[in-house]
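**Student:** mind folding the following:
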Amino acid sequence: MTSSIEVTPENFVCAVQTLYHDQDATRKKIASEWLLSVQSSLYAWTLADQLIRMNQNSEVTCLSAQILRHKIQHSFDELPVEHCKALCDSLLDHLSRAELTRHSTVRVQLAVATADLALQYVGWEKPVEDVVEKLKTSSEHMLTLLEFLTALPEEVNTSTIRIGENRRRFCREKYSNGGKQIHEILIFLLKVNPSHNEALFIGILKCFASWISIKAFDETLLLSSPFLHSILDILKSPQCSNELHKSACDCLCNILELCEEYQKYWSLAVHLKQQITQHLSQPYFQAVKDENLDKAQNYTRIYTNLIESILECLVDGRQSDLSDLSCLNLLLYPLEHSDYEIVQSTFYTWYSLSDLIQTHNDEMADKIKPYMEKLVDMLCVQCKLDSDHLGIPPETDEKNSKNNRTSNSDLADFRYRVECLIKDTISITGASNCFQRMFEKLQLSTSLSWEESEAPLYIMSCVASYLSPDEDKIVPNVIQAIISTPTQPGLVHSALKYTGVRLISQLDQWIAENNQHILKSVLQYLLSLLVDKELRFVSADAILNICQQCRKQLVNDLDQIIQATLWLDQIEAGSEASQCLLKASSKLISRIVSTDDIHRYLKLLFDQQIQSLTQIVSTQSDSNYTSIIKRLDCLTAIFRSLDFKITHEETHPCTTIVQQLLPLLDLIIVRYRSSTKLSECWSRTIRFIIRSMRSHAKLFFQQIVTLVISSYDEVSHSCFLYLISIIIDEYGNDQDLKAAIIVMSEHLTNKTFSILTHQDGFKQNPDLVDDFYRLSSRLLQRCPLEFLKSNIIRPIIEQIIPNCNLEHRDASASMIAFLQALAKLTSNHKKDSKYKSELSEIRSLSMSLCETYFESVLTGLIRAIVIDRVPSSIRVSVSEFVCDLKTYMPDKFSQWLRKSLTEIPRTSKNGLVEIVTIKQHEQFYNALCENDIQSSTIDYEFETFAKLYR
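**Tutor:** Numbers count the residues shown, from 1 in each chain. Here you go, the predicted model:
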């Protein structure tokens with residue numbers, strides 16, 4: 001079967017049979033591709049309708065119903081206006097055929113398709129009435145009717161169908177005004193529903209919840225509704241099924257969301273708060289006792305929804321009926337549950353409460369504080385490791401991406417989230433208060449097991465960095481207790497020592513500003529732990545943190561730190577722990593005064609690296625990749641941390657070392673540049689050599705550039721472009737090098753566009769786009785006149801226009817940053833420019849380019865936001881660019897915007913729906929043209945305008 005096969009019902013049935021039952025993978029793939037091509041064709045409309053009507057077998061009918069639903073959702077503009085009525089009638093016929101709708105998948109697809117048609121077909125004035133009229137004749141149609149009535153408000157609220165905000169708002173108001181009619185229909189269905197038919201009752205509740213979401217029922221109706229009483233009765237009863245319980249929970253949560261408008265739903269909010277606090281606590285504990293996880297999660301959802309709906313009243317404290325803080329106890333109940341997901345499901349509410357409290361007075365914070373303290377105490381218990389846990393505590397990649405012993409266990413993730421929450425609430429509980437309360441738990445350590453001691457120690461580490469350096473009562477005792485812990489393996493559990501070291505690491509600033517004797521003792525303790533493999537990384541990381549804070553104080557201790565560094569680098573070359581010590585040593589070396597000492601210590605550090613790298617490279621083998629990468633990472637760690645304070649005239653301490661290194665680095669990249677990872681590591685090493693030496697690395701310019709360009713010509717890794725952008729950033733202002741930089745850039749542009757100008761080149765190579773346009777921005781910033789005069793500037797701008805809708809965040813951000821850099825060159829305000837004589841010519845050239853291209857660029861960017869729906873992060877970048885245009889070219893911007901908006905359609909393709917009114921068009925234009933508008937406001941206007949198209 002190929003794409004050239006004629007689209008007929010017989011061939012469709014054959015393709016479905018092949019897709020589901022043929023054992024040959026190739027034939028299945030061909031059938032799948034053919035069916036997808038059918039779905040995207042115009043034939044699909046009549047074919048799907050015909051196959052549903054034929055109802056040959058369940059598989060064909062299900063797929064046909066899915067295709068029809070997909071066409072209505074995503075391709076409704078294809079359908080000629082005169083065919084909409086026929087489609088409407090056909091769908092009503094399908095819904096009324098019980099032999100079709102007995103199959104749940106077919107029933108759901110047809111119901112959703114009908115709902116989507118009702119929203120998009122302007123000529124269908126009374127869809128609810130028409131569907132009810134068609135299906136009311138038989139009890140067999142009850143589930144179908146419910147499915148449609150449930151789908152209609154759900155589809156109004158979803159962005160799956162692009163009907164535009166105007167049409168969506170019209171439909172929402174239209175159907176929400178019919179809430180009383182819907183309620184009566186549901187009451188009727190409830191009365192005719194046999195009591196034992198739970199499936200139908202669940203369907204009724206789901207439908208009720210769906211209409212609540214569009215605010216179809218007013219407060220009076222809800223309070224008197226038998227559904228509300230049924231929902232509360234179900235949730236009070238421990239006997240109901242989990243599915244019925246969830247449906248009742250969904251209803252109640254939707255009602256609670258209404259109560260966020262507490263002034264409009266005051267009586268309802270008060271009633272529900274009373275019912276939940278008085279009657280839904282015991283059922284939660286029963287669910288916990290019965291080990292019914294689903295029900296426990298449902299009750300937790302209800303608690304969090306209640307608190308969030310009345311949060312403003314709770315914090316305001318003036319609404320007596322809704323300001324009773326005792327309801328916060330509901331949020332504490334789930335914190336004792338053994339399931340981490342249930343505990344974590346309360347975190348968002350605690351965050352919301354904490355954020356809101358911080359905007360109010362201290363008196364309210366004091367009232368909330370006891371609940372926050374209970375929160376911390378209960379989280380401390382939940383963070384406890386199992387008594388049979390072996391080794392160090394689990395850590396998440398988010399928390400410690402460099403730890404090669406990371407673990408993504410549930411507990412690791414949970415502890416990380418606990419840390420984030422505790423830090424967020426610290427302004428209420430107080431870091432010192434929290435630290436002291438945990439310390440008081442530790443003082444019971446004689447009667448505590450190791451895991452009961454480790455948990456409060458972990459909480460203390462979460463708040464340690466917030467402590468004042470003036471705190472002198474508890475911290476010294478805590479540090480002394482930690483460094484007095486026996487270092488020999490086996491005497492104290494590794495997890496306890498690990499968390500103790502982590503706590504010390506977080507106290508780095510306190511240690512730097514306090515007793516130097518403590519600093520020396522801490523350093524000796526951390527160095528002694530390096531022999532323990534499990535504690536090696538956390539100890540090395542703590543040493544690095546302390547060295548960063550205490551560079552001058554620890555210069556005299558450099559010998560033993562260097563000794564430990566070389567030892568660890570020898571036995572564990574390139575490990576994260578080794579790199580931490582290399583960084584620590586480098587930071588201390590950078591603060592040595594004696595030139596001789598600097599050279600001596602640098603020689604110690606680099607000799608081991610160069611000797612090892614030479615030995616590895618001497619044997620040409622693919623297995624060398626890993627070893628070379630580790631050594632390159634070590635060199636990067638050193639250069640990244642060296643920051644000598646020397647003048648331009650002085651000789652840089654690393655000059656001789658780099659002269660030794662470059663032949664090795666040359667050999668490595670020539671031999672191994674086919675490896676993306678090794679090329680990235682190599683580029684990173686060169687990058688930090690340049691960043692560390694800055695102008696002093698100028699003498700290596702030609703050698704490095706030649707090497708990078710030849711490598712990029714052979715293997716076009718984007719990291720080479722990024723490295724060139726660093727070189728331009730450092731040396732682009734140097735008059736001696738500008739000509740060479742432009743020649744180099746022209747060569748790189750031609751090579752890059754030979755890749756990007758292929759079909760979908762930008763989409764397929766986002767990293768290349770990102771680094772290339774970053775390089776181009778640096779050219780505009782460092783050597784603008786030469787770049788603007790070059791032959792490559794116009795193609796670089798021209799390639800942006802058709803790719804404004806690129807959805808890769810970083811690549812798109814780099815393109816827009818380039819446009820911003822170009823726009824800024826049109827400004828007269830260049831007081832900091834080193835070349836004032838060039839300003840007039842720079843401004844003239846840049847303005848000419850902007851006038852040529854920016855109208856098209858602006859059209860492409862607006863289309864990307866409103867039609868192509870690029871992610872919000874890209875919209876933010878576009879808003880910043882527009883803000884710059886208004887700042888530097890306000891008159892031109894208003895003209896460009898006016899013309900750009902004429903290119904954006906105001907109606908749907910078939911002309912049925914007016915997406916944007918003329919008034920809304922004008923409002924958007926005027927809003928963007930206002931004086932002194934901020935980028936955040938522009939972003940809001942873009943978001944609002946884009947909604948009209950969704």
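**Student:** so which other helices or strands are in contact with the helix or strand hosting K497?
**Tutor:** Following DSSP states H and E, one finds K497 within helix 494-506. Applying 3 or more Cβ pairs under 8 Å, 6 or more residues apart in numbering; DSSP states H and E, one finds that helix 494-506 makes contact with helix 450-463, helix 475-483, helix 516-528, helix 533-549. Quick note: C-beta positions are derived from backbone N, CA and C, even for glycine.
**Student:** okay, now the domains of this protein?
**Tutor:** Following the assignment in the TED database, the chain carries domains at 41-193, 218-360, 362-517, 551-710.
**Student:** any chance of the ones you listed in CSV, with distance to V866 and mean pLDDT too?
**Tutor:** Shown next, in CSV, are the domains of the chain (distance: least, Cβ to Cβ, whole Å; pLDDT from 0 to 100):
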stretch, distance to V866, mean pLDDT
domain 41-193, 10, 93
domain 218-360, 29, 95
domain 362-517, 34, 89
domain 551-710, 37, 94
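**Student:** nearest to E914, of the ones you listed?
**Tutor:** domain 41-193 (7.0 Å; Cβ to Cβ).
**Student:** please state the offset of the closest one from the chain centre?
**Tutor:** Taking Cα atoms, centre = their mean, to the nearest Å, one finds the center of domain 41-193 at 35 Å from the center of the full chain.
**Student:** likewise stretch 487-499?
**Tutor:** For stretch 487-499, the distance to the chain centre is 36 Å (Cα atoms, centre = their mean).
**Student:** ok, residues contacting that stretch?
**Tutor:** Here stretch 487-499 makes contact (Cβ atoms under 8 Å, 6 or more residues apart in numbering) with 385, 389, 391-393, 450-451, 453-454, 457-458, 461, 485-486, 525, 528-529, 532, 534-535, 538.
**Student:** narrow the residues you listed to those that are buried.
**Tutor:** Taking 16 or more other Cβ atoms under 10 Å as the criterion, what is buried in those is 385, 389, 392-393, 450-451, 453-454, 457-458, 461, 525, 529, 532, 534-535, 538.
**Student:** phi, psi for Q934 please.
**Tutor:** phi -90, psi 160 (degrees, to the nearest 10).
**Student:** list the contacts of the closest residue in space to S449 that isn't next to it in sequence.
**Tutor:** Distance criterion Cβ to Cβ, 6 or more residues apart in numbering; nearest residue to S449, sequence neighbours excluded, is S387 at 6.2 Å. Listed by Cβ under 8 Å, 6+ apart, the contact partners of S387 are S449, W450, E451.
**Student:** before we move on, back to that, and of the domains of the chain, who's closest to I30?
**Tutor:** domain 41-193 (16.2 Å).
**Student:** where exactly do the helices run in the stretch 301-450 of the chain?
**Tutor:** Under the criterion DSSP state H, counting those that start in this stretch, the stretch 301-450 of the chain contains helices at 311-316, 329-332, 340-344, 347-357, 362-382, 410-429, 431-442, 450-463.
**Student:** tell me the spacing between P370 and Q659.
**Tutor:** From P370 across to Q659, the span is 66 Å (Cβ to Cβ, to the nearest Å).
**Student:** same question but for P489, I mixed them up
**Tutor:** For P489, the distance to Q659 - Cβ to Cβ - is 44 Å.
**Student:** and the one helix or strand I755 maps to, what's buried?
**Tutor:** In this structure, I755 sits in helix 738-756 according to DSSP H and E. For helix 738-756, burial by neighbour count (16+ other Cβ under 10 Å) applies to K738, I741, I742, M744, S745, L748, T749, T752, F753, L756.
**Student:** and for stretch 56-69?
**Tutor:** V60, T61, C62, L63, S64, A65, Q66, I67, L68, R69.
**Student:** got a list of what the residue lying closest to Q895 once chain neighbours are set aside touches?
**Tutor:** In space, and not counting its chain neighbours, Q895 is closest to E855: 7.8 Å by Cβ to Cβ, 6+ apart. Counting by Cβ under 8 Å, 6+ apart, E855 makes contact with Q895, W896, K899, S900.
**Student:** and those residues, which are buried?
**Tutor:** Buried among these by 16+ other Cβ under 10 Å: W896, S900.
**Student:** and the contacts of E855, which two are the farthest apart?
**Tutor:** Q895 and S900 (9.6 Å).
**Student:** and the residue nearest to Q895, what element?
**Tutor:** Assigned by DSSP H and E, E855 falls within helix 839-866.
**Student:** how far out from the middle of the chain is that helix?
**Tutor:** 31 Å.
**Student:** tell me the pLDDT of the residue lying closest to P784 once chain neighbours are set aside.
**Tutor:** In space, and not counting its chain neighbours, P784 is closest to I842: 5.1 Å by Cβ to Cβ, 6+ apart. Looking at I842, its pLDDT is 95.
**Student:** isn't I842 right up against E786?
**Tutor:** No. At 10.1 Å, I842 and E786 do not qualify as touching, with contact defined as Cβ atoms under 8 Å.
**Student:** more neighbours: the two, which one.
**Tutor:** I842 (21 against 16; other Cβ atoms under 10 Å).
**Student:** list the residues that contact that one.
**Tutor:** P784, L785, L788, L825.
**Student:** weed out the non-buried ones from the residues you listed.
**Tutor:** If we count by 16+ other Cβ under 10 Å, the contacts of I842 have these buried: P784, L785, L788, L825.
**Student:** and which of the contacts of E855 is nearest K552?
**Tutor:** W896 (55.5 Å).
**Student:** doesn't the closest one lie inside a strand?
**Tutor:** No. With DSSP: H, G, I helix; E, B strand; the rest coil as the criterion, W896 is helix rather than part of a strand.
**Student:** ok, now how distant is the nearest residue to it once chain neighbours are set aside from L901?
**Tutor:** With Cβ to Cβ, 6+ apart as the criterion, W896 has its nearest non-adjacent residue at 4.3 Å, and that residue is E855. From E855 across to L901, the span is 11 Å (Cβ to Cβ).
**Student:** run through the residues that contact the spatially closest residue to A455 that is not a sequence neighbour.
**Tutor:** The shortest distance from A455 to any non-neighbouring residue, by Cβ to Cβ, 6+ apart, is to K384 (4.3 Å). By Cβ under 8 Å, 6+ apart, K384 lies in contact with E451, E452, E454, A455.
**Student:** cool, L605 as well?
**Tutor:** For L605, counting by Cβ under 8 Å, 6+ apart, the contacting residues are I562, T565, L566, L582, S585, S586, I589, I638.
**Student:** regarding the residue sitting furthest away from the middle of the chain, what is its secondary structure?
**Tutor:** The centre of the chain is farthest from one residue, T137, which by Cα atoms, centre = their mean lies 50.3 Å away. Put simply, T137 is coil when judged by three-state DSSP.
**Student:** is it true that K738 touches C783?
**Tutor:** Yes. With contact defined as Cβ under 8 Å, K738 reaches C783; the gap is 4.8 Å.
**Student:** any shared contact partners between the two?
**Tutor:** G732.
**Student:** distance from the chain centre to stretch 903-914, please.
**Tutor:** With Cα atoms, centre = their mean, you get 33 Å for stretch 903-914.
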